[in-house]
Structure formats: C-alpha cells, structure tokens
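> The sequence and its predicted three-dimensional model are supplied below.
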Amino acid sequence: MANTVIVGMQWGDEGKGKIVDLICPAFDAVARYQGGHNAGHTVRFGDRHFSLRLIPSGILHEGMSCVLGNGMVVAPDAFLGELEELRGAGVDETGRLSVSNRATVLLPLHVALDRARERARGAAAIGTTSRGIGPAYESKVARYGLRMVDLAAPDLEDRIAASLDVVGPQLQAHAAAGRVEEVEAGEASETDPAALADACRAWAERLAPYLADTEHLLNGWIRDGKSLLFEGAQGTLLDVDHGTFPYVTSSSSTAGGAATGTGVPPTAIDGVIGILKAYTTRVGAGPFTTELEDDTGEYLRQRGNEFGTVTGRPRRCGWLDLVAARYAQTLNGVDGIALTKLDVLDELREIKICTGYRLRGEVLHDLPAERAALEDAEPVYDTVPGWQKTTAGALELSDLPPAARDYVARIEDELGAPVLFVSTGPRREETILRHDLPELGRLTSGRLLR
C-alpha cells in the first residue's frame, strides 16, 4: 500500500484540490498537514462546485476519512462554518472527520494583528490573506498560543491572558496609529479576555466530536495496511524555510512538512506527486521572474480564471519557470507530476519556457536564495510553438496535438520525472491518466481507476 504526499511545485494555486479529489478513491484517508483557511482548494465535477479552505477535498467522497493535522492552524469559526456549507450541500462528514487536538487555535486577535501589520507595511506589504495565519504560527513557535486541546482547559483564562500579554500591546500600538480594523461580524472581541474565554468554551463544546490524537490514528491506520494521502496547502516556493523569503507562508509547505505536520514518520511515506501548472502564477508580493505585465499576462489570468479561491484577488501570471520547478523537484523528491491547466495555453501561437536566469552577466540554472538576486534576475526563454487546437476534455495523451505532447515531454525531460496526469479542464473527469507509467500504479497502490 502507498502513502503519498501531494505538494505544489510553484507558489500555490496549482490545482491540488482537483488532483486530490481525483485520486482519493485510491486511498483510505486524506490528511492535511499545514496551513490554515488562507488556502482554498476548488473542486468541480459535473455541475457541482466546492471551495474548501480547511477540510481536505476527500470529504466529498463517501466513506473517505479526513484528518486536519497538528501542523495546521485552525480558526474554529472558519472550520464550523465550512462544515455547515458542506452539510448544506448534502455532504455528511459523520464519523470520518478528525482534527488534531495538538493543532494551533487561530483566534480573532491573530486576525486583527495580521490586518494591522499589513496596513502598517504599506507598499512593503507581504500580501498575506489577512486571515491571521502568521500571528497564529508565531504564537505556536513562541509557546504562548492555544492548541485545540486547550479550549477546554481549566486554566483557560490564564492561557488567554498569556497570549494577550504578547499581542495586546502590539494591537494597542497599531490602534493608536489607526491601523486596527474590526474583525468579522460575529467574532469575539480580539482583546476582551472574558469574551475570548466564552467563545473558546463554546467552540470546545462544538468541536469535541472531532478532536482526536490524530498521530495515533494515522499511524494505526498505517500499521493496519491502509493507504494515506497527505495534502499540503500553498506551494514549495512559499515554504517558510525554502521559499522566496520573506514573501512566504508561515509553515512548511514542502513534502517534508507531511511528517512533522501529522506525526507520521518519514519512513512511512512512499512517494511524492508534484502539482505543476502549465504556466506560473503568484498571489501577493514578492519576486516573480517570469511575470507578464502585458496583454498575454491578462489573457492567462482571464482564460485560466486566475482569481483567489479565498480572497478573490487577481493572481499574477507568467510563463512556466523551470528554474523554480527544478528547485521544487529537488526539495520534494517528486516521483511523478500532475500537469494542470494545459488547456489555458490552447490558443497561443508561441509559448515561452524559462530555462535559466540571467543575473549580472551570468546565466543561473539554480534558484538563488538572495531576495535582491531574485528581484534583479531576468528570465532566459526558450520559445516553442503553440498548438492552437483545443485540448479541453482530452482523456488520452494521444488525443493531444503533437506540439502539446512535445510540451509535456519537455517538462518530463527538464525535471527528470514523468507526467502522470494532465489536466485539460476544471472538472475531475477532464484529466488524462497515464496508466501506462509504473509510477502511477506505485504511488496509488494500483487502485486508481478512471
């Protein structure tokens, strides 16, 4: 049986939700290992459309067990609201959804601080979703935050006071400068200890059926011979250690985060599927070497519907960056690739592929760590012919135009990994599955059917 990690190979928004949804039937459970409700996964099949932020898209499959791991930060209101949305759509999660009792609680005070900091940065803003993710992770690393298990702790007020001792003065300083906005309607006051404690107790009661020692749960399933799929949020280049710092998220979004974010040992993980968009997008600030700030960039944005699932923000768009993709391949040890949104390129006469960076007269083939280098680098492009024929809905590689097949083969050659899936539309059924490749069978225990 295979235990496989799904990871984004760019700056997120690669289409992980669709691929997870597609291959779920080959696994017994799905576990999300990092991030919070700043990450949105969009899943479409038939005439149904779901946008999920915290809960793995495996929840849409009857009988599939889903886990929110200890590496996540969970806003109780966001989690409970997402549950209500799923129930309203006829999805029954009873008995198959677990939340780690060690996951960090994201409180309204974290939201207020996140928003205030972004306003204070002005033009230098990082471009966070202002959902409180970074401050919640700070509370974890600095050891003053709450974990899910603490929501019902007898010394809850003392723990909240410890958080307010750190965050309160920062909020007060931002409030004095006019940078603190109201938190969303219905949330507890961000600095009122009594209101926060009351909210936490109410959340504890409603969350109790879902909280579990998920480390024991997941490892027990592995010992029983079950197959697990590990789902990350964001993408490799937003990893807090390996991404384009400081324009990154606050957690480990690379495949290594699957172990620390769930409590499953690295030796239990059998492989990695990397999700790669046929072009490149980025949300928020930060260096983006292949960005197109012209009509072609706008064309990709509109044709690819490149707007954030959570925020609705327009995504920055550019050509495929193989320097960044090779870096992601190295960090994650990608065994097979899911290539998404190939159909977005269908009408283009020419397509450019970034094969290197030109920096101060030198051509680089590895991603530099220095921010200034990333900002100053210019892309080195190879121009290839477009296919100018539709690929939408193709179900076999042979159905693709020759130039589109060449594009897929070029990616395989450059990254040293086979393309196992080619997404040719937003719905789960609009996907080419490479059943001829042994890696597909190995990474899905041979259980994946169309």
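Now that the structure is in, tell me what you want to look at.

> Please make it C-alpha for all contacts and neighbour counts, starting now.
OK.

> pull the helix or strand with minimum mean pLDDT from the chain.
The least trusted helix or strand in the chain, going by mean pLDDT, DSSP states H and E, turns out to be strand 41-45, with a mean of 62.

> Return the list of strands paired to the top strand by length along the chain, each annotated with direction.
When the chain is parsed with DSSP state E, its longest strand is strand 350-359. Based on DSSP bridges, the pairing partners of strand 350-359 within the sheet are strand 320-321 (parallel), strand 362-364 (antiparallel), strand 378-385 (antiparallel).

> centre of the chain versus the second one, how much separation?
Spelled out, that is strand 362-364. 30 Å (C-alpha atoms, centre = their mean, to the nearest Å).

> what's downstream of that strand, the next helix or strand?
helix 371-376 (DSSP states H and E).

> any idea of the mean pLDDT in that following helix?
Helix 371-376 carries an average pLDDT of 96.

> Also stretch 74-86?
Rounded mean pLDDT across stretch 74-86 is 94.

> in that stretch, what counts as buried?
74-77, 79, 82-83, 86 (16 or more other C-alpha atoms under 10 Å).

> what about the helices in the stretch 151-300 of the chain?
Taking DSSP state H, counting those that start in this stretch, the helices of the stretch 151-300 of the chain run over residues 156-176, 193-207, 214-223, 257-260, 295-303.

> Find the one among the ones you listed with the highest mean neighbour count.
Most buried of the helices of the stretch 151-300 of the chain by mean neighbour count (mean count of other C-alpha atoms under 10 Å) is helix 257-260; its value is a mean of 22.

> what about that helix, distance to the chain center?
14 Å.

> helices or strands up against that helix?
The contact analysis (3 or more C-alpha pairs under 8 Å, 6 or more residues apart in numbering; DSSP states H and E) places helix 257-260 against no helix or strand.

> contact partners of that helix?
5, 32-34, 71, 230-232, 264-266 (C-alpha atoms under 8 Å, 6 or more residues apart in numbering).

> Now, of these, which are buried?
5, 32-34, 71, 230-232, 264.

> Lowest-confidence member of those residues, which is it?
Gly232 (90).

> so that residue makes contact with Ile6?
Yes - at 6.4 Å, Gly232 counts as touching Ile6 under the criterion of C-alpha atoms under 8 Å.

> Quickly list what's touching both of the two.
Ala255.

> Would you mind measuring from the residue most central in space within the chain to Pro379?
The centroid of the chain falls nearest to Ala233 when counting by C-alpha atoms, centre = their mean (1.9 Å). Relative to Pro379, Ala233 is positioned 27 Å away (C-alpha to C-alpha, to the nearest Å).

> Same check on Ile160?
From Ile160 to Pro379 the distance is 49 Å (C-alpha to C-alpha).

> Same question for Leu420.
For Leu420, the distance to Pro379 - C-alpha to C-alpha - is 28 Å.

> Could you do Tyr144 as well?
44 Å.

> Neighbour count for the two, which is higher?
Comparing Tyr144 with Pro379 by other C-alpha atoms under 10 Å, the one with more neighbours is Pro379, at 22 against 18.

> how many neighbours does the closest residue to Ala392 other than its chain neighbours have?
Distance criterion C-alpha to C-alpha, 6 or more residues apart in numbering; nearest residue to Ala392, sequence neighbours excluded, is Thr424 at 4.8 Å. Thr424 has 25 neighbours, counted by other C-alpha under 10 Å.

> repeat for Gly441
17.

> Quick one: residues contacting Ala255.
Contacts of Ala255 (C-alpha under 8 Å, 6+ apart): 5-7, 232, 272, 331-332.

> What about those, which one has the most neighbours?
Neighbour max across those (other C-alpha under 10 Å) = Val7, 32 neighbours.

> Name the SS class of that residue, please.
strand (DSSP: H, G, I helix; E, B strand; the rest coil).

> Thr104 is in contact with Leu151, isn't it?
No - the pair Thr104 and Leu151 does not pass the contact test of C-alpha under 8 Å, sitting 10.4 Å apart.

> picking that back up, got the contact list for the longest strand of the chain?
290, 319-323, 345, 363-366, 373, 376-386.

> Put the buried members of those residues into a PyMOL selection.
Restricted to buried positions by 16+ other C-alpha under 10 Å, the PyMOL selection for the contacts of strand 350-359 reads:
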select buried, resi 290+319+320+321+322+323+345+364+365+373+377+378+379+380+381+386
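
> dump the residue contacts of the closest residue to Ala75 other than its chain neighbours.
Excluding its sequence neighbours, the residue lying closest to Ala75 (C-alpha to C-alpha, 6+ apart) is Leu106, at 4.5 Å. Contact analysis of Leu106 by C-alpha under 8 Å, 6+ apart lists 73-76, 132-133, 136.

> With distance to Lys16 added, can I get those residues in JSON lines?
As requested, those are exported to JSON lines (distance: C-alpha to C-alpha, whole Å):
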{"residue": "Val73", "distance to Lys16": "19"}
{"residue": "Val74", "distance to Lys16": "20"}
{"residue": "Ala75", "distance to Lys16": "22"}
{"residue": "Pro76", "distance to Lys16": "24"}
{"residue": "Gly132", "distance to Lys16": "23"}
{"residue": "Ile133", "distance to Lys16": "20"}
{"residue": "Ala136", "distance to Lys16": "24"}
